[in-house]
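Student: Structure of the sequence below:
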Amino acid sequence: MSDQRPRAGVVVTGSELLTGTVRDANGPWVARELGELGFEVARIEIVGDRPTDLVAALEHVAEFDLVVTSGGLGPTADDLTTEIVAGFVGAPLELDETMQALIHRRVARWAERTGFAGPALDEATRKQAMVPRGAVPLEPVGTAPGLVVRKPAGPLVVVLPGPPRELQGMWPAVLAAPPVVELLATVPRAEPRSLRFFGLPESEIAQTLREMERARDLSAVEVTTCLRRSELEVDLHPLPGAEELAAEIADEIVSRHRKNLISAFGTTTDELLAAALVEHGLTVATGESCTGGMVAARLVDRAGSSAYVNGGVVAYSNEAKTALLGVPAEMIAEHGAVSPEVARALADGARERFGASIGVGVTGVAGPGGGTEAKPVGYVCFCVTTADGQVITRDPVLPGSRGDIRERSTDLAMHLLLRAAGGLPR
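Tutor: Residues are numbered from 1 along each chain as shown. Below is the predicted model:
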């Protein structure tokens, strides 16, 4: 497929990414954006702030059509990406006085307020305004400008800052830069297709594809799978002209796994739930124990959530369950705090306390201790109840560490809310 789709590489710099102090958010984000533009992202490299490592990484992607770097654009001595890229493309660094003045204006008020104005700051500003000859500078979102420059007989190189907010904020300027516009005009576009499933292992998709390949050639469509927030995302990337085949493959996958389908067009559970609640005029309240407010946090993470989230209670102790959500103390004594009965009482109590259409209750053993043979670590009880009489319950044993169990519990709670709100495909 590489001879038909232009290839791209992503080079992410920062020694903190190699020590595990910070997780890389830029590589996956840029890769997804490039994939949607029609590129085959063939390599993502993470390197430290050592010049030799960055040079080696650039050489690894030198045969590609496009290279995007992130990080190493700051004012300090170890921020060397611009200098290394200049050497890679064979262009001397030159001072962009317009950019220097712009950066100076950005930092002037901060410098005056903190008392750091002076030669050191001036030199740092000058360093950030140095760009390779012939490059197209990109206005900074913070204080670090980006740039676009071509290597003769080599790739177009896009240099972006490391902070994800700044990188993503600069992306529209990247797409509007003349060299990028020129490159994109040569990229054959084929719209990708994305499917989402819940409770479906990747092995099932692999088996489906093997069976389909026995009947026809599927090589014109690249199919990838990835588990995100307990949802299995199946992405189909057709070569130009293979859109109809991609649609047929997607329809066949959906047909075989419809009971696990969340969306045939890539919409997430959170997006579908918000839309269903708004469409049907429903409201939600939460009663959480082991998830400690994570379900409520997911619900209010979306803009506009005040239209459908009435409130929530983290009732961790037995006393809090009784006092705040009306769970009978004798119920806890008889069945235990982690039980389907208590999960329902939490859901009903939250719904009644906040006057909501839907209530969700979650209680479980997150571990690492506290498990028993009857209720091992990972045993979590869920209940969703609605004002019109729906009752949806689950009590699985979820795998993983304490953090995994709590995250998976939140995922499942969101999925059950979506089911109660009528937002799943028919």
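Student: hang on, residue 262 in a strand?
Tutor: Yes: when DSSP: H, G, I helix; E, B strand; the rest coil is applied, residue 262 is found to be in a strand.
Student: separation between it and residue 272?
Tutor: 7 Å (CB to CB, to the nearest Å). All C-beta atoms are positioned from the backbone trio N, CA, C, and that covers glycine.
Student: of those two, who's got more company?
Tutor: Applying other CB atoms under 10 Å to residue 262 and residue 272 shows that residue 262 carries more neighbours, namely 24 against 20.
Student: What separation is there between the more buried one and residue 249?
Tutor: From residue 262 to residue 249 the distance is 18 Å (CB to CB).
Student: on contacts alone, who are the packing partners of the longest helix along the chain?
Tutor: Using DSSP state H to define each element, the chain has its longest helix at helix 402-421. Applying 3 or more CB pairs under 8 Å, 6 or more residues apart in numbering; DSSP states H and E, we find helix 402-421 packed against helix 269-280, helix 294-300, strand 358-364, strand 380-386, strand 391-394.
Student: and that helix, what's its mean pLDDT?
Tutor: For helix 402-421, the mean pLDDT works out to 97.
Student: in it, what counts as buried?
Tutor: 405-421 (16 or more other CB atoms under 10 Å).
Student: low-confidence ranges in the stretch 301-426 of the chain?
Tutor: 426 (pLDDT under 70).
Student: which phi and psi does the residue nearest to the spatial centre of the chain have?
Tutor: The centroid of the chain falls nearest to residue 29 when counting by CA atoms, centre = their mean (7.5 Å). Per-residue torsions, residue 29: phi -70, psi -50 (degrees, to the nearest 10).
Student: what residues are up against it?
Tutor: Going by CB atoms under 8 Å, 6 or more residues apart in numbering, residue 29 touches 164, 167-168.
Student: what's the pLDDT at it?
Tutor: 96.
Student: unless I'm mixing things up, residue 322 is touching residue 329, no?
Tutor: Yes: proximity of residue 322 to residue 329 meets the contact threshold set by CB atoms under 8 Å, at 5.1 Å.
Student: which one of these two has more residues nearby?
Tutor: residue 322 (18 against 12).
Student: residues touching the more buried one, list them.
Tutor: Residue 322 sits in contact with 328-329, 332, where contact means CB under 8 Å, 6+ apart.
Student: before we move on, what about residue 402?
Tutor: Contacts of residue 402 (CB under 8 Å, 6+ apart): 366-368.
Student: so which of those residues comes closest to residue 228?
Tutor: Of all the contacts of residue 402, residue 366 has the smallest distance to residue 228: 21.3 Å, by CB to CB.
Student: so how far is residue 145 from that closest one?
Tutor: Look at residue 366 and residue 145: by CB to CB, they are 46 Å apart.
Student: ok, residue 178 touching residue 134?
Tutor: No: counting by CB under 8 Å, residue 178 stays clear of residue 134, with 12.0 Å between them.
Student: Which of the contacts of residue 402 ranks first by neighbour count?
Tutor: Within the contacts of residue 402, residue 366 tops the neighbour count with 25 neighbours, counted by other CB under 10 Å.
Student: Run the angle between the longest helix of the chain and strand 358-364 for me.
Tutor: 160 degrees (axes from the mean of the first three to the mean of the last three CA atoms, to 10 degrees).
Student: From the chain's centroid, how far away is stretch 186-197?
Tutor: Centroid separation for stretch 186-197 versus its chain: 18 Å, with CA atoms, centre = their mean, to the nearest Å.
Student: who's in contact with it?
Tutor: 4-6, 35-39, 231-243, 246-247, 250, 253-254, 257, 260-269.
Student: Now a PyMOL select for only the buried ones of the residues you listed.
Tutor: Entered in PyMOL, the line below selects the buried ones among these, by 16+ other CB under 10 Å:
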select buried, resi 5+6+35+37+38+39+231+232+233+234+235+236+237+238+239+242+243+246+250+253+254+257+260+261+262+263+264+268+269
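Student: Can you flag which of the contacts of stretch 186-197 belong to helices?
Tutor: Short answer: the contacts of stretch 186-197 in helices (DSSP H) are 35-37, 243, 246-247, 250, 253-254, 269.
Student: with the residues you listed in mind, which one is nearest to residue 389?
Tutor: residue 269 (23.4 Å).
Student: For stretch 205-219, buried residues please.
Tutor: By 16+ other CB under 10 Å, the buried positions in stretch 205-219 come out as 205, 208-209, 212, 218.
Student: For it, C-alpha coordinates in PDB please.
Tutor: C-alpha atoms of stretch 205-219 as PDB (Å, rounded to 0.1, in the frame of the first residue of the first chain):
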ATOM      1  CA  ILE A 205     -12.800  -9.000  14.100                       C
ATOM      2  CA  ALA A 206      -9.600 -10.800  13.000                       C
ATOM      3  CA  GLN A 207     -11.600 -14.000  12.500                       C
ATOM      4  CA  THR A 208     -14.300 -12.100  10.500                       C
ATOM      5  CA  LEU A 209     -11.700 -10.600   8.300                       C
ATOM      6  CA  ARG A 210     -10.000 -14.000   7.700                       C
ATOM      7  CA  GLU A 211     -13.300 -15.500   6.600                       C
ATOM      8  CA  MET A 212     -14.000 -12.600   4.300                       C
ATOM      9  CA  GLU A 213     -10.500 -12.800   2.700                       C
ATOM     10  CA  ARG A 214     -11.300 -16.400   1.600                       C
ATOM     11  CA  ALA A 215     -14.000 -15.000  -0.700                       C
ATOM     12  CA  ARG A 216     -12.300 -11.800  -2.000                       C
ATOM     13  CA  ASP A 217      -9.200  -9.700  -2.000                       C
ATOM     14  CA  LEU A 218      -9.400  -7.100   0.800                       C
ATOM     15  CA  SER A 219      -5.900  -5.700   0.400                       C
END
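Student: Show me how far it is from its chain's centre.
Tutor: 29 Å.
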